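Enquirer: got a sequence here, can you model it:
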Amino acid sequence: MQMGGGQKAPASPRDSVKATIAGAEINVNYGRPSKRGRVLFNGLGDMKWGMVWRTGANEATHFTTSKTLDFGGKVVPAGTYTLFTKLEENGKWELIVNKQTKQWGTAYDAKQDLLRIPMTVTSNNAVVEKMEIQVKPAGKGGEIVVMWDTYKATAAFTAK
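Expert: This is a model prediction of the structure:
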C-alpha cells in the first residue's frame, strides 16, 4: 500500500481507542501488527510462550486513565503507563502495567512494573488478522480486550 509522496504505509500502523467508563476517560495508543500468514502464539512462531510482549508493534503501547482503576483488587492510579503482556501456554496471561513511558516496545524493564493483572484468555471463532485493543463497558465497570489471531485476552476493571 502506498501513501502520498510515494511513501509506503507502515506494516503496523498506530491506532488508538478512547472510552469513558464509569467516569474514567481511558485512552490506549498502540501499533497494530498483522498476522500476514505467520504462526503466532504457539511457542513455535513469533510469540514465544513465557515471553513479555509489547502488546502491539514498534513503539510501546501507551495507556492513560483519568481515574483510579481497580483490576480485582490491583489498583492503577490515574496517569499514563506502558502496557506489556506476559504470554503463557496454559492461558494464564498477565497484563503488565509498567511505569516507564516514552520508550520503544522492546525496552521492557521489570523493575518499572506497577503491577501484573491476570487476564482471561479465550478463543475467537474467527482469525483476527490485525491485532486490536478494545476498551468497553462490562458489568459495573469495563474491560480491556486484546484480540489477535485466534486469541482474545480480557482484563476486567472498575473505576474509583
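Enquirer: can you tell me the closest non-neighbouring residue to P77?
Expert: Among residues not flanking P77 along the chain, T68 sits closest, at 5.2 Å (CB to CB, 6 or more residues apart in numbering). Any C-beta I mention is one placed from the backbone N, CA and C, and that applies to glycine too.
Enquirer: how far away is the one you found from W104?
Expert: Taking CB to CB, to the nearest Å as the measure, T68 falls 28 Å from W104.
Enquirer: now do T80
Expert: Taking CB to CB, one finds T80 at 16 Å from W104.
Enquirer: more crowded one of those two?
Expert: The residue with more neighbours, out of T80 and W104, is T80; 13 against 10, by other CB atoms under 10 Å.
Enquirer: name the SS class of the most centrally placed residue in the chain, please.
Expert: Central residue of the chain (CA atoms, centre = their mean): T55, 4.2 Å from the mean position. T55 falls in the coil class when you classify it by DSSP: H, G, I helix; E, B strand; the rest coil.
Enquirer: could you number the chain from 17 rather than 1 from now on?
Expert: Sure, I'll start counting at 17 from here, so that last one is T71.
Enquirer: next, it: phi, psi?
Expert: Backbone torsions of T71, given as degrees, to the nearest 10, read phi 60, psi 50.
Enquirer: wait, it sits on I149?
Expert: Yes - counting by CB atoms under 8 Å, I149 is a contact partner of T71 at 7.4 Å.
Enquirer: list the residues that contact both of the two?
Expert: Common neighbours of T71 and I149, using CB atoms under 8 Å, 6 or more residues apart in numbering, are Y46, T77, V162.
Enquirer: please convert those to a markdown table, extending it with neighbour count and distance to M67.
Expert: Below are these laid out as a markdown table (neighbours: other CB atoms under 10 Å; distance: CB to CB, whole Å):
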| residue | neighbour count | distance to M67 |
| --- | --- | --- |
| Y46 | 26 | 17 |
| T77 | 24 | 15 |
| V162 | 26 | 15 |
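Enquirer: including pLDDT, could those go into a markdown table?
Expert: What follows is the shared contacts of T71 and I149, written out as a markdown table (pLDDT from 0 to 100):
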| residue | pLDDT |
| --- | --- |
| Y46 | 96 |
| T77 | 95 |
| V162 | 96 |
